[in-house]
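Undergrad: Okay, predicted coordinates and the sequence, questions at the end:
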Amino acid sequence: MKCSRLIVLLLSMEAQQYLNQVTSSAGFNNIEYAPKTGENPLPESRNEKGEFVYMGRVIDRPEDYVEEHYDAHQYHGQDGLGQFAYGYKDWNQGKNEKKDQSGTVTGTYKYVQPTGRDFIATYYADRTGFHVEDNRPEHEKSPPTKTPAVRQAEEEHFKLWGELAAAAGHNPDPFAPEYQQEGRYEPPPQPNEYVHQEPPYVPGPDEQGEPKGFFYAFDYNVPLLRNKQERAELEQLRANNNN
């Protein structure tokens, strides 16, 4: 794994500088997928049964596949005062999210749908609730409507439910006082159970003083098995549906 940066522990002010750097960059709200770094044919080695196995998967026709390589990326940082930022990107998905000093959380995520079209959503959450916008066409955002068959099934269900509830109201309650006989069995009192008590928490020397933050970021290689025909079909769909 290729590590571009790794910082374990920082002062709050230092951590905030890293958070501001990643959240103010153009890529925070405009996610780009991980770059492709190479492509190789599958090796010729086979197991004792004569099968070609790649990452636990039996491949009947290795010549129909290739191994692609991507430089994925992820990061995460906190300032010790409640603010944070994290994100990642892979060959077909990515996400960024942050929380500011007011407690508002904002973020965006993106992924490739089976149709080849990119789904992109941006959101924020504050004291007014959770709010999200995405790039679907407006007609796809309309709430689903109930068909006549669904409405009829609902009416029949609630009608039957009401009849059964009304019938249950006329039946005697077997646990009512008038049905209880004298000398009712009372279970013996249970002994007091042992309750474990933790000693009071006392902060250690490293937990006192100014809050600490952290930040890390690194790139790592991701191998990906791709069927050549399926890849070509997806690339064609992406070309048609992302213009």
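TA: Everything's here; your move.
Undergrad: Could you pull out the helices in this structure for me?
TA: Secondary structure of the chain, counting by DSSP state H: helices at 12-23, 148-170, 228-241.
Undergrad: Burial-wise, tell me which of those comes out on top.
TA: Mean neighbours per residue, mean count of other CB atoms under 10 Å, is largest over these for helix 12-23, with a mean of 17. To be clear about C-beta, it is placed using only N, CA and C from the backbone, and glycine gets the same treatment.
Undergrad: on that earlier part again, relative to Val112, which of the helices of the chain is closest?
TA: The closest of the helices of the chain to Val112 is helix 228-241. By CB to CB, the value is 7.2 Å.
Undergrad: quick one: stretch 113-133 to chain centroid distance?
TA: Distance of stretch 113-133 from the chain centroid (CA atoms, centre = their mean, to the nearest Å) equals 13 Å.
Undergrad: try stretch 80-90
TA: That offset, for stretch 80-90, works out to 14 Å (CA atoms, centre = their mean).
Undergrad: So which bits of stretch 61-69 are buried?
TA: The neighbour-count check on stretch 61-69 (16 or more other CB atoms under 10 Å) flags Tyr65, Val66, Glu67, Glu68, His69 as buried.
Undergrad: before we move on, what about stretch 213-228?
TA: Neighbour-count burial for stretch 213-228, counted by 16+ other CB under 10 Å, picks out Gly213, Phe214, Phe215, Tyr216, Ala217, Asp219, Leu224, Arg226.
Undergrad: So, low pLDDT: which residues of the protein?
TA: 1-9, 170-186, 203-208 (pLDDT under 70).
Undergrad: Show me where it has its strands.
TA: Using DSSP state E, the strands of the chain run over residues 5-11, 36-41, 52-54, 57-59, 65-78, 84-89, 93-99, 105-112, 118-126, 129-134, 212-227.
Undergrad: is it possible to export these to JSON lines including distance to Asn241?
TA: Shown next, in JSON lines, are these (distance: least, CB to CB, whole Å):
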{"stretch": "strand 5-11", "distance to Asn241": "36"}
{"stretch": "strand 36-41", "distance to Asn241": "20"}
{"stretch": "strand 52-54", "distance to Asn241": "29"}
{"stretch": "strand 57-59", "distance to Asn241": "28"}
{"stretch": "strand 65-78", "distance to Asn241": "21"}
{"stretch": "strand 84-89", "distance to Asn241": "20"}
{"stretch": "strand 93-99", "distance to Asn241": "17"}
{"stretch": "strand 105-112", "distance to Asn241": "10"}
{"stretch": "strand 118-126", "distance to Asn241": "8"}
{"stretch": "strand 129-134", "distance to Asn241": "15"}
{"stretch": "strand 212-227", "distance to Asn241": "19"}
